[in-house]
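Undergrad: What shape does this take:
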Amino acid sequence: MLLADIARTSREIATASARKEKVALLARLFRTASPDEVPLVVTYLAGRLPQRRTGVGWRTLSERHPASAAPQLTIAEVDESLERIAAVSGKGAQAERGRLVGTLMSAATEEEQHFLFRLLTGELRQGALDAFAVEGLAQAVGVPSDQVRRAVMFGGSLGAVARALLAEGPDALGEFQLRTGRPVLPMLAQSAKDVLEALDRLGPCVVEEKLDGIRVQVHKDGGSVGVYTRTLDDITDRLPELTDAAEALSAQQAVLDGEVIALDQQDRPVAFQELSQRVGSRVDVPAARATLPVTARFFDLLSVDGRDLVDLPVRERHEVLAEVVPESLRVRRLVVDAPQDAAQRAAAEHFARDVLEQGREGVMVKALDSAYSAGRRGTSWLKVKPVFTLDLVVLAAEWGHGRRTGTLSNLHLGARRPDGGFAMLGKTFKGLTDKLLAWQTGQLRDLAESEHPWGVTVRPELVVEIAFDGLQRSTRYPAGVTLRFARVVRYRTDKTTAQADTVDDVLALRR
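TA: Predicted structure coming up:
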């Protein structure tokens, strides 16, 4: 399959307004893909890369390259090129990556170049496309979409299910069952603004502490234990503590869902960045374990001793979990079976405040009658956590791409320093409506002090309210921190930059 087919379909999906039309476009594409090609098709359309990271920066991708007059690149060739780019390391790596990117881009048509740019910069990400892709695949092979969805739930990825379906037909769906040792996509949650809203939306429910850890799925089968991340990466060898914990369980077979965390001497979570460095390190694991030991907190049980639990309600799964996992390894929880009762509502709010005071991230609220919908962001799980906001100053902005071409999109954000200058904290292009984007572009053009190929630097006069989920350490920015999941709330035209938040205000938010 040519990359041009995917680039064209991506453009058509972006402009299609009806769900039915999007599904039909995907079905058409799947019918023309081979079994070996379809996992790449799915991955690229969703804006992801099998290589995860390529090491290619925005500046390298922004260089102009002559475009091919006619489509010639296959997706297999693109994948091979990206593998070579991702493998580059050592002295001269940046120049070599640039050379390889240039070769790839020069073989692409203008539309393909545009697609590759968005794919490699992360601007193509279309998480919602996965749901459309399930329906498109079902339509392409003539099977009910709920059967494909369940197969994806147990198969771990849409690509794996798609390959099997195209190769073997509908009978292949029977291969995808919950099996120990084959991780499944985790169930995800939607958001609620506070605990009381969550109670009103869900009815009888359980409120659990939400840990700022790393989601893990632990599979035990006799003496064999596997530990997997939410992206299904095998990290068993990095976390011997979890292997020890799983081996000590009374059950001979189990599939558990939970978080890995690290706690300080006051039983408060260490910074997420420290934890992620420990979990990501493969070097000298015994030394890493001695320096920063980790532990697990489990909140769900999908299978035990050959019994599949995913279709059981939360209430029953948690009863079995309590029989299998000791209390010290379970998240704290509060059952609210009468959510309109004033005393229970007050207890739920108190529970949420208490976990925040203990340094937890917030709470999860789960309907007691809900099954485990792996890989889906269902309405029966709601997360409630504080959202931080800061009034920051726009220092620069980068030109947008795709449907944002011609607009100033990616904002460089700064906080006030004592000397009257500004310390950059990070960037964001999220949260912008088309109307706000157009207004922002006009304002920033008027404030531009200098223009660059990537965008403009501006006079620091615009104050923007930014929401974010927390801070993380960063050596890239002068304050030593950057914002996690930053997004624009609104522009504060009622404020001057002298009223914007300071670096000290930002650092005070560190836990």
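
Undergrad: what secondary structure does the residue nearest to R84 when sequence neighbours are not counted sit in?
TA: Nearest in space to R84, with sequence neighbours left out and distances taken as Cβ to Cβ, 6 or more residues apart in numbering, is L100 at 5.8 Å. For every residue, glycine as well, the C-beta is placed using N, CA and C. With DSSP: H, G, I helix; E, B strand; the rest coil as the basis, L100 sits in helix.

Undergrad: cool, E449 as well?
TA: E449 - assigned by three-state DSSP - is strand.

Undergrad: what's the closest non-adjacent residue to it?
TA: Nearest residue to E449, sequence neighbours excluded (Cβ to Cβ, 6+ apart): T457, at 5.3 Å.

Undergrad: Can you get me a residue count around A198?
TA: 28 (other Cβ atoms under 10 Å).

Undergrad: which element is V335 on?
TA: strand 333-336 (DSSP states H and E).

Undergrad: so where is the stretch 201-350 of the chain shaky, pLDDT-wise?
TA: Within the stretch 201-350 of the chain, not a single segment meets pLDDT under 70.

Undergrad: can you rerun that using 90?
TA: Scanning the stretch 201-350 of the chain with the threshold set as pLDDT under 90 gives 212-213, 230-233, 264-277, 280-283.

Undergrad: Which strands and helices lie in contact with the longest strand seen in the chain?
TA: Ranked by number of residues, the top strand in the chain under DSSP state E is strand 388-399. Judged by 3 or more Cβ pairs under 8 Å, 6 or more residues apart in numbering; DSSP states H and E, the packing partners of strand 388-399 are strand 408-416, strand 422-428, helix 434-447, strand 455-458, strand 463-468.

Undergrad: Verify the contact between S145 and V134 for me.
TA: Yes: counting by Cβ atoms under 8 Å, S145 does reach V134; the two are 5.8 Å apart.

Undergrad: can you list contacts of the helix or strand of the chain with the lowest mean pLDDT?
TA: Within the chain, confidence by mean pLDDT, DSSP states H and E is lowest for helix 58-62 among all helices and strands, at a mean of 76. Residues from elsewhere that reach helix 58-62 (Cβ atoms under 8 Å, 6 or more residues apart in numbering): 94, 97-98, 101, 117, 120-121, 398, 453-454.

Undergrad: check contacts around the nearest residue to L312 once chain neighbours are set aside.
TA: Excluding the flanking residues, the one nearest L312 by Cβ to Cβ, 6+ apart is A371, at 6.8 Å. For A371, the contacting residues are 310-313, by Cβ under 8 Å, 6+ apart.

Undergrad: before we move on, back to that, tell me the angle the longest strand of the chain makes with helix 434-447.
TA: 70 degrees (axes from the mean of the first three to the mean of the last three Cα atoms, to 10 degrees).

Undergrad: Tell me the buried residues in strand 388-399?
TA: 388, 390-399 (16 or more other Cβ atoms under 10 Å).

Undergrad: T243: which of the helices and strands packed on strand 388-399 is closest?
TA: The closest of the helices and strands packed on strand 388-399 to T243 is strand 463-468. By Cβ to Cβ, the value is 35.0 Å.

Undergrad: partner strands of that closest one, parallel or antiparallel?
TA: strand 388-399 (antiparallel), strand 487-491 (antiparallel) (DSSP bridges).

Undergrad: For the ones you listed, give me CSV that also has distance to V161.
TA: Compiled in CSV, those are given as follows (distance: least, Cβ to Cβ, whole Å):
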stretch, distance to V161
strand 388-399, 37
strand 487-491, 32
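
Undergrad: Any chance of JSON lines for those, columns mean pLDDT and distance to R19?
TA: Output for these, formatted as JSON lines (pLDDT from 0 to 100; distance: least, Cβ to Cβ, whole Å):
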{"stretch": "strand 388-399", "mean pLDDT": "93", "distance to R19": "31"}
{"stretch": "strand 487-491", "mean pLDDT": "91", "distance to R19": "25"}
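
Undergrad: What's the separation between P66 and D244?
TA: 58 Å (Cβ to Cβ, to the nearest Å).

Undergrad: got it, and L507?
TA: In terms of Cβ to Cβ, L507 sits 37 Å off from D244.

Undergrad: and what of V488?
TA: Taken as Cβ to Cβ, the span from V488 to D244 is 45 Å.

Undergrad: V320 too?
TA: V320 is 22 Å from D244, by Cβ to Cβ.

Undergrad: These two: which has the busier surroundings?
TA: Between V320 and D244, V320 has the larger neighbour count (other Cβ under 10 Å), namely 18 against 10.

Undergrad: Identify the residues contacting the host helix or strand of the more buried one?
TA: Applying DSSP H and E as the criterion places V320 in helix 314-324. Helix 314-324 has contacts (Cβ under 8 Å, 6+ apart) with 206, 249-251, 254, 256, 298-302, 304, 309, 330, 333, 366-370, 372.
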